[in-house]
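Asker: Here is my input; please provide its structure:
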Amino acid sequence: MFKSDDEKTITVIGDAVLTLLNNNADISAASLSSALRQMHDAETDDARRQLTGHAIELTGKLFSNAACTGEDTPEQSQPDTAQPLPVSRH
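Answerer: Predicted structure coming up:
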């Protein structure tokens with residue numbers, strides 16, 4: 001099955017999130033951006049490097065649009081009493 005570029009980009013973003021989770025890092029706009037940039041800098045395959053670049057561009061636009069429109073980002077919209085979800089580490 002062939003994936004579209006959008007599906008591949010979403011997979012790259014998912015890989016970055018999984019990397020953050022595996023490193024017990026906080027998930028935020030800044031940490032996701034940093035993880036994607038590290039992936040981009042380390043990538044040697046041109047096609048994958050292009051996908052990581054697109055993922056950086058896409059997430060940057062999404063986060064800046066949320067900030068400009070006053071929409072809450074996920075870390076802002078959690079109530080103070082929210083508890084983190086347990087993460088299963090297999």
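Asker: Quick one: low-confidence residue ranges for the protein.
Answerer: Scanning the chain for pLDDT under 70 picks out 1-2, 67, 70-90.
Asker: same thing but 50
Answerer: 77-83, 85, 90 (pLDDT under 50).
Asker: ranges for the helices of it?
Answerer: For the chain, the helices defined by DSSP state H occupy 5-22, 29-42, 46-69, 74-77.
Asker: How far off centre is the first one?
Answerer: For helix 5-22, the distance from its own C-alpha centre to the chain's C-alpha centre is 6 Å (C-alpha atoms, centre = their mean, to the nearest Å).
Asker: returning to that earlier point: let's have the helices of the chain in TSV, adding mean neighbour count.
Answerer: Heads up, the C-betas are built off the backbone N, CA and C, glycines and all. Formatted as TSV, the helices of the chain follow (neighbours: other C-beta atoms under 10 Å):
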stretch	mean neighbour count
helix 5-22	15
helix 29-42	17
helix 46-69	15
helix 74-77	10
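Asker: Can you tell me the closest non-neighbouring residue to residue 39?
Answerer: residue 52 (5.0 Å; C-beta to C-beta, 6 or more residues apart in numbering).
Asker: Thought residue 7 was touching residue 54, still the case?
Answerer: No. Residue 54 is not in contact with residue 7 according to C-beta atoms under 8 Å; the separation is 11.8 Å.
Asker: Alpha carbons of stretch 46-54, in PDB - could you do that?
Answerer: Extracted in PDB, the C-alpha atoms of stretch 46-54 (Å, rounded to 0.1, in the frame of the first residue of the first chain):
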ATOM      1  CA  ASP A  46      16.800  12.900   0.800                       C
ATOM      2  CA  ALA A  47      13.100  11.800   0.700                       C
ATOM      3  CA  ARG A  48      12.900  11.400   4.500                       C
ATOM      4  CA  ARG A  49      14.700  14.600   5.000                       C
ATOM      5  CA  GLN A  50      12.200  16.400   2.800                       C
ATOM      6  CA  LEU A  51       9.400  14.800   4.900                       C
ATOM      7  CA  THR A  52      10.900  15.900   8.200                       C
ATOM      8  CA  GLY A  53      11.200  19.400   6.700                       C
ATOM      9  CA  HIS A  54       7.600  19.400   5.700                       C
END
